[in-house]
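**Q** Starting from these lines, generate the structure:
(chains A, B and C)
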Amino acid sequence: MTLAISNRRKRKDLIMRALLGLGTLVALVPLVLVLWYVAKRGLSAWSWHFFSTDPTGSFLGDPGGVKSAILGTIMMVALATVIAVPLGVGVALYLTEYGKDSKFAKTVRYFIDVMTGVPSIVFGLFVFIVLILSGVGGGYAGWKGSIALALLMLPIVTRSAEVVLLLVPSTLRESALALGAPRWRVIARVVLPTALPGLVTGSLLAVARAAGETAPLLFTAAIVNGSTLDLGTRMNSLPVQIFNDVGQAQDRLVARAWGAALTLVVLVLLLTLIARFMSRRSRFG
Amino acid sequence: MQREPDLGIVSSATVTAPGGRPVLGRSPAARLPDQILRWGLTVLAGAILVLIAFFFVRLYVEAKPAFDKFGVIGFTFDNNWDVSRSIFGALPLLVGTLVTSAVALIIGVPVAIAAALFVTELSPRKARGPLTIMVDLLAAVPSVVYGLWGVFVLIPKLKPAEQWVSDTLHFIPFIGGAAVAGPNYFIGGLILAIMIVPIVSAITREVMATVPSDHKEAALALGATRWEMIRTAILPYSRAGITGAAMLGLGRAIGETIAVTLVVGNAPQIGKHLFDQGYTLAAVIANEFGEAANNPIHRAALIAAGLVLFVLTLVVNAAARWFVNRSQRA
Amino acid sequence: MKSRQWLAVVPMTAALAMGAAACGSSSSSDTGNNSAAGSGGSDSSASGTVNGAGSTFAAPIYQQWGSDLKKQGITVNYQPVGSGAGVAALANKTAEFAGSDPPLTADDKNSIKTPTIQIPMAIGAITVSYNVSGLQKGLKLDGPTIADIFMGKVKSWNDPEIAKQNPGVNLPSSNITVVHRSDESGTTKGFTTFLSAYSSEWKSKIGADKTVKWPTGTGAKGNDGVAAAVKQTPGAVGYVEQAYALQNNFTYADVKNKSGKYVAPTLQSTSAAGEGLTVPADLGVVTIDSPNAAAYPISSQTFVDVHQDVCRGGMSAGNAKALKAFLNYGLAQGQDAAKELFYAPLPASLLTKSKAQINKIQCNGSPISGS
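**A** The predicted structure is shown next:
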């Protein structure tokens, strides 16, 4: 026989349920508000001019759009991805296939974990000290910004890649090896293809994170009121452009910041949602 | 993970085809790609280790002049950040970092736990997926966008409410009684709270998923209401894990730079109350580094601030990991 | 499985391809870089890219000049990061010229190490702008009162110190929110020099420098940041260069000058501050608190600083020519362009000396050709 639940307990249950629901709402309301404001104010700033002209820095005249910021973000993040993803997957492969639980592998894992906690501005600081202050290849450059972003992405890619690679059933590996296939072939033909959707998901999330980062770029790539496709010179980027425009008094510059923010949010959300879509669909049978 | 058999030895010793050639064996030349791959990846992993070690060493070396001049304790705990006189005591920055992070924890952690509980225990099954995605999407918004929103939406809209709280609670020492500044500690903490909710919630969800379902079912079978089941079966079990999640959120809050620097007021002083302006370790680096780049002691001071920041996040994250591991071992 | 892989691989490949293309390309869409000849204009031989950084006080004119020169193939990239950061950028060679409002100090010169040339460019007015509903332009304030406001001693708009100087003006009782610079700023140095001249308490406790320990108030980055903060905060007061104040329709104060007159910042009063200056050898003039009766007391000079030998400092010969053309333009037609932004042109004697400085700039040991 079940004990009857007193009214007091029923009330408490309802109150707590309501509170928990309220808490969830409180968690979600900022998301809705941010997206709504960014969409509302950003959309009114979007125009053909906004996307096709570069910021001119002109005080009284036309302030220009954000073309160099968009191109800069795409290029610097692409370069950072090219650096970080192979290196990260490589380290993850080492950890899962060769290192496993050895002391060396444990140390590497620990240090990678430590790197995930480093504030992003410290990466920018490090690249500034090592690559700019020392006079290597002169001044601010887009590729130096990419290196700072790659440092940021590396631990994320490594960690998620390791998780995914560990999920590849060991039976798949063992049967391939038992059939006489050399290790490298097993990795290339069995492990990597099986893990590919997960690896892509992890990489896309790292890319989305890097695209939104401002601090590492502040003193490595620097903002430019102009346009360049040359990674060897200073490059503009969406987050830095927004950061600069937020502190402006002119309304039209602030409007440009909202427009750039909407562009950035759309880019990041697209990457995140594609990554999620891929992860939900990948199964290991 | 068990060690797979070394095929070279097995095959060369056993199976042979007519002619004596091992059927499944590999000549030493064929083993070369494997060796290359193995060594290549090992060297890569080692190189990453070296890079990270170099990273810390270089930062310390650059920060050393500041520690030499003011002493480690002096630099970290002196209440005087005076750039023009080249005196660098980081206490106002440290206090600002801690105050905004504390506000972030106080607001963010309960909300995150509530969301995690709601999604896993109380929401209808179909809503679970979309709700989870929405909470996680909070992490996808770039911090500069949060800053932009904070400056133009949050600050003006919350100012009347903040002033009301400050006036009504004027008897509580740190909270009330004075004029509310536009950008202040509270707004900084609020934005940080929003930013840490996704990470705290995600880890809490994972931790709660490890609660054995028989605990939960036993409580329900004994006649507990849903809330009582949560209170007696889930929360005690997950306590360590939730603490770990909160500490990870704290680590995130401590290191956040851009969103905070736009809304905290950038005043290198210890704010007198919650709604006063302040500064954080991360924000000072972002703001002052451009001009400090060539002033050795200022630059060293900023890098030292970065090091202090980094040590803080290290300690907090290590403690967090310890808590989360403890909960998973239980 | 395969189609889904392509779904994600395609955008990534596209991004990678763009990255690879970028690495290989030599900035085909970069305007003016390495282009052969400029189109028309007086300096058809000078074209190139010049990178500068520094004073937000002077940013409007440098950016205006840059946009005027674009037609001639000269690209000027100027980063308004504040005078302090500008000098630092010149020192570590991330910029080729620095915009600095205060003259270079011994510390600045030490950090740059190699010899520099300092070129006065224009004079601008630092307004004391306020955002108080109902309060019109032209509130009368003297040096001691402004110092007290920025020290936090005068806390509300109807304080007797302000009321005394403004009889008949309806002053609200709202709180004063001070806005100041958070970055190293030449504007700050000019403003605090003025305050130190009129308040001994300010001079001893806080002093005059590019960055000081502000007793109260919010910090904002750049003149534009201060303008933004003043605009967004009712009851705020901040010091911003006049171009920024005018662009945002700010109300600003009439400040009492050395002769005892309350003067509004205008083109005439700013020019008056530049009259009768004693010019030191390195041209490091200071126009703050000018003794002229008609002068606006918080008028500040602004300089462009370059390495004496710009090519040894990292510039190519072509870009060095472009730099010289930029500077020559600034001291010629640029002076009129500056007037339209309410910056006072240099007085004639100083202008001649300034132009002479430009001819001292060298490239790898020899003077730069071209006018």
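**Q** State the distance from the residue nearest to residue A:130 when sequence neighbours are not counted to residue A:244.
**A** Distances taken as C-beta to C-beta, 6 or more residues apart in numbering or on different chains place residue B:58 nearest to residue A:130, at 6.5 Å, with adjacent residues excluded. (Glycine included, C-beta is placed from N, CA and C.) Residue B:58 sits 28 Å away from residue A:244, going by C-beta to C-beta, to the nearest Å.
**Q** For those two, work out which one has more neighbours and name it.
**A** For residue B:58 versus residue A:244, neighbours defined as other C-beta atoms under 10 Å in any protein chain shown are more numerous around residue A:244 (29 against 15).
**Q** quick one, what contacts residue 165?
**A** Here I'm looking at chain A. A:92-93, A:96-97, A:191, A:195, A:199 (C-beta atoms under 8 Å, 6 or more residues apart in numbering or on different chains).
**Q** you looked at the wrong chain, it should be chain C
**A** C:140-142, C:145, C:256, C:262.
**Q** cool, and residue A:90?
**A** Residue A:90 neighbours (C-beta under 8 Å, 6+ apart): B:40-41, B:44-45.
**Q** Would you double-check that it falls in a helix?
**A** Yes - when classified by DSSP: H, G, I helix; E, B strand; the rest coil, residue A:90 is found to be part of a helix.
**Q** Which element, helix or strand, includes residue C:283?
**A** Using DSSP states H and E, residue C:283 is not contained in any helix or strand.
**Q** now residue A:17
**A** helix A:7-45.
**Q** residue ranges with poor pLDDT in the chain?
**A** Assuming you mean chain A. A:1-4, A:135-138, A:224, A:226-227, A:281-285 (pLDDT under 70).
**Q** Can you look at chain C instead?
**A** In chain C, residues with pLDDT under 70: C:1-46, C:370-371.
**Q** Now do the helices in it.
**A** Secondary structure of chain C (DSSP state H): helices at C:2-24, C:59-69, C:83-91, C:106-112, C:143-151, C:160-165, C:186-198, C:200-205, C:222-232, C:242-247, C:267-273, C:317-330, C:333-340, C:348-358.
**Q** Most tightly packed of the ones you listed?
**A** helix C:83-91 (a mean of 30; mean count of other C-beta atoms under 10 Å in any protein chain shown).
**Q** Within range of chain C, give me the residues from the stretch 51-200 of chain B.
**A** Within the stretch 51-200 of chain B, the residues that sit near chain C (C-beta under 8 Å from any C-beta of the partner chain) are B:81-85, B:151, B:155-156, B:179, B:181-183.
**Q** ok, 10 Å please
**A** B:80-87, B:151-152, B:155-156, B:159, B:178-184 (C-beta under 10 Å from any C-beta of the partner chain).
**Q** In strands, which of these appear?
**A** B:81-82, B:87 (DSSP state E).
**Q** By neighbours, which of those wins?
**A** residue B:81 leads these on contacts (other C-beta under 10 Å) with 21 neighbours.
**Q** Compute the number of surrounding residues for residue C:286.
**A** Residue C:286 has 17 nearby residues by other C-beta under 10 Å.
**Q** How is chain A partitioned into domains?
**A** Chain A breaks down by automatic domain parsing into domains covering A:2-43, A:50-284.
**Q** Of those domains, flag the one that's most buried.
**A** Mean neighbour counts for these (mean count of other C-beta under 10 Å) peak at domain A:50-284, with a mean of 21.
**Q** now it: how far from the chain's centre is it?
**A** 6 Å (C-alpha atoms, centre = their mean, to the nearest Å).
**Q** from what I can see residue C:121 touches residue C:334, true?
**A** Yes - the pair residue C:121 / residue C:334 is scored as a contact, 8.1 Å apart, by C-beta atoms under 10 Å.
**Q** any common contacting residues for those two?
**A** C:61-62, C:65, C:327, C:343, C:345 (C-beta atoms under 10 Å, 6 or more residues apart in numbering or on different chains).
**Q** circling back to that earlier point, show me what contacts the residue nearest to residue A:130?
**A** Counted by C-beta under 10 Å, 6+ apart, residue B:58 has contacts A:125-126, A:129-130, B:303.
**Q** swap in residue C:227?
**A** A:247-250, C:56, C:127, C:129, C:179, C:220, C:238, C:240-241, C:243-245, C:247-248, C:250.
**Q** Who's the closest spatial neighbour of it, skipping the chain neighbours?
**A** residue A:249 (3.5 Å).
**Q** can you check residue C:327 too?
**A** residue C:358 (5.0 Å).
**Q** The one you found touches residue C:324, doesn't it?
**A** Yes - at 6.4 Å, residue C:358 counts as touching residue C:324 under the criterion of C-beta under 10 Å.
**Q** overlap in contacts of these two?
**A** Going by C-beta under 10 Å, 6+ apart, residues that sit against residue C:358 and also against residue C:324 are C:306, C:368.
**Q** and the residue of the stretch 1-150 of chain B found nearest chain C, how many neighbours?
**A** The nearest approach of the stretch 1-150 of chain B to chain C comes at residue B:84, 3.9 Å away (C-beta to the nearest C-beta). Neighbour count for residue B:84, taken as other C-beta under 10 Å: 17.
**Q** Correct me if wrong: it contacts residue C:207.
**A** Yes - using C-beta under 10 Å, residue B:84 is in contact with residue C:207, at 6.8 Å.
**Q** any shared contact partners between those two?
**A** In contact with both residue B:84 and residue C:207: C:192, C:213, using C-beta under 10 Å, 6+ apart.
**Q** returning to what we had before: JSON lines for the helices of chain C, including distance to residue A:142?
**A** Shown next, in JSON lines, are the helices of chain C (distance: least, C-beta to C-beta, whole Å):
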{"stretch": "helix C:2-24", "distance to residue A:142": "8"}
{"stretch": "helix C:59-69", "distance to residue A:142": "21"}
{"stretch": "helix C:83-91", "distance to residue A:142": "17"}
{"stretch": "helix C:106-112", "distance to residue A:142": "26"}
{"stretch": "helix C:143-151", "distance to residue A:142": "41"}
{"stretch": "helix C:160-165", "distance to residue A:142": "51"}
{"stretch": "helix C:186-198", "distance to residue A:142": "29"}
{"stretch": "helix C:200-205", "distance to residue A:142": "44"}
{"stretch": "helix C:222-232", "distance to residue A:142": "24"}
{"stretch": "helix C:242-247", "distance to residue A:142": "30"}
{"stretch": "helix C:267-273", "distance to residue A:142": "40"}
{"stretch": "helix C:317-330", "distance to residue A:142": "19"}
{"stretch": "helix C:333-340", "distance to residue A:142": "31"}
{"stretch": "helix C:348-358", "distance to residue A:142": "32"}
